[in-house]
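Colleague: could you work out the structure for the sequence below:
(one chain, ligands or ions: 2)
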Amino acid sequence: MLGTGVAIPQKDRVQSGLVVEAGGHRENIPVLFDCGCGVLQRIIESGYRHTDITNVFLSHLHLDHCGDVLALLKANWLCDVVAMDLWGPVGTVEWMNGLLAVYPYMQDKVDITITELNPGMVVTAQGLEVECVRTVHALPSLGFKVTSKSKTILYSGDTEPVDEIVKASDGIDLLIHECSFPDTFDITNHTTPGRLADMLRGTSPGRIVLTHLYPQTIGFETIMVRVLAEACGCSVEIGYDFQAIEI
Ligand SMILES: [Zn+2]
Ligand SMILES: [Zn+2]
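Modeller: Ligands and ions are numbered 1, 2, ... in the order given. This next block holds a predicted model:
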């Protein structure tokens, strides 16, 4: 977990970012899921080489999930790595073209292959099978169900609790789900623990790690974990930056 925070800065959480490696540490090239502001710094703080991060999936195009993509491209170019495979929802090509139009000096410095994704699509990257799952957010968005060697994780990105994520979570090894606010907030486009628990009840992911935590969650961690653990009967944790999880 490189970044477990949101658009509002917090001392110990940068914006969204998650690295997945198939087959164990350093066996495969790492794949990055989301690249919000602060994630480029977290890549090197975590002991990765930013030049190894050339496969990037974006759950959606809110800044706290993609704000460091251009910074990563520039850092890699300065170290003679210009290729990047980028996967994202519909609109990713237009978004990248717009970014490069604002920074024309970058245009001939990078070699980006963009694949736009829709729910239900399955693609492969660096030993990972990545299935796109429908999510509900303020703009086109995806969750990613990632499988390697019969181990499966699901990363929700930003979403309200949705049936597709719940169904895709049954029997997996790890669910990394956003939990933006405690239940004292009445919100849309995001998840609170009570609403997620209501949908997940009876489903059995092996373990749940909560991410995308707004500052408003501070002080509610214990109750957030308890509500979900009671509904799912599995291990539930509040995620944190630099958290390493082996499956
Ligand atoms: Zn968002
Ligand atoms: Zn977000």
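
Colleague: tell me the buried residues in stretch 31-41?
Modeller: Across stretch 31-41, burial judged by 16 or more other CB atoms under 10 Å covers 31, 32, 33, 34, 35, 36, 37, 38, 39, 40. Backbone N, C-alpha and C define where each C-beta goes, glycine included.

Colleague: repeat that for stretch 56-73.
Modeller: For stretch 56-73, the neighbour count (16+ other CB under 10 Å) marks 56-62, 64-73 as buried.

Colleague: again, but for stretch 9-18
Modeller: Judged by neighbour count using 16+ other CB under 10 Å, the buried positions of stretch 9-18 are 10, 13, 14, 15, 16, 17, 18.

Colleague: list the contacts of that stretch.
Modeller: Stretch 9-18 is contacted from outside by 1-7, 32-39, 41-43, 59, 63-65, 67-68, 155, 157, 176, 211-213, 215, 240-241, using CB atoms under 8 Å, 6 or more residues apart in numbering.

Colleague: quick one: terminal-to-terminal distance for it?
Modeller: End-to-end span of stretch 9-18 (CA to CA, to the nearest Å): 18 Å.

Colleague: so what's the gap between that stretch and the chain middle?
Modeller: With CA atoms, centre = their mean, to the nearest Å as the basis, stretch 9-18 stands 12 Å off its chain's centre.

Colleague: likewise stretch 70-83?
Modeller: Taking mean C-alpha positions (CA atoms, centre = their mean), stretch 70-83 and its chain are 21 Å apart.

Colleague: and the residue of the chain most remote from its centre, backbone torsions?
Modeller: Largest separation from the mean C-alpha position in the chain: residue 105, at 29.0 Å (CA atoms, centre = their mean). Phi and psi for residue 105, reported as degrees, to the nearest 10, are phi -70, psi -20.
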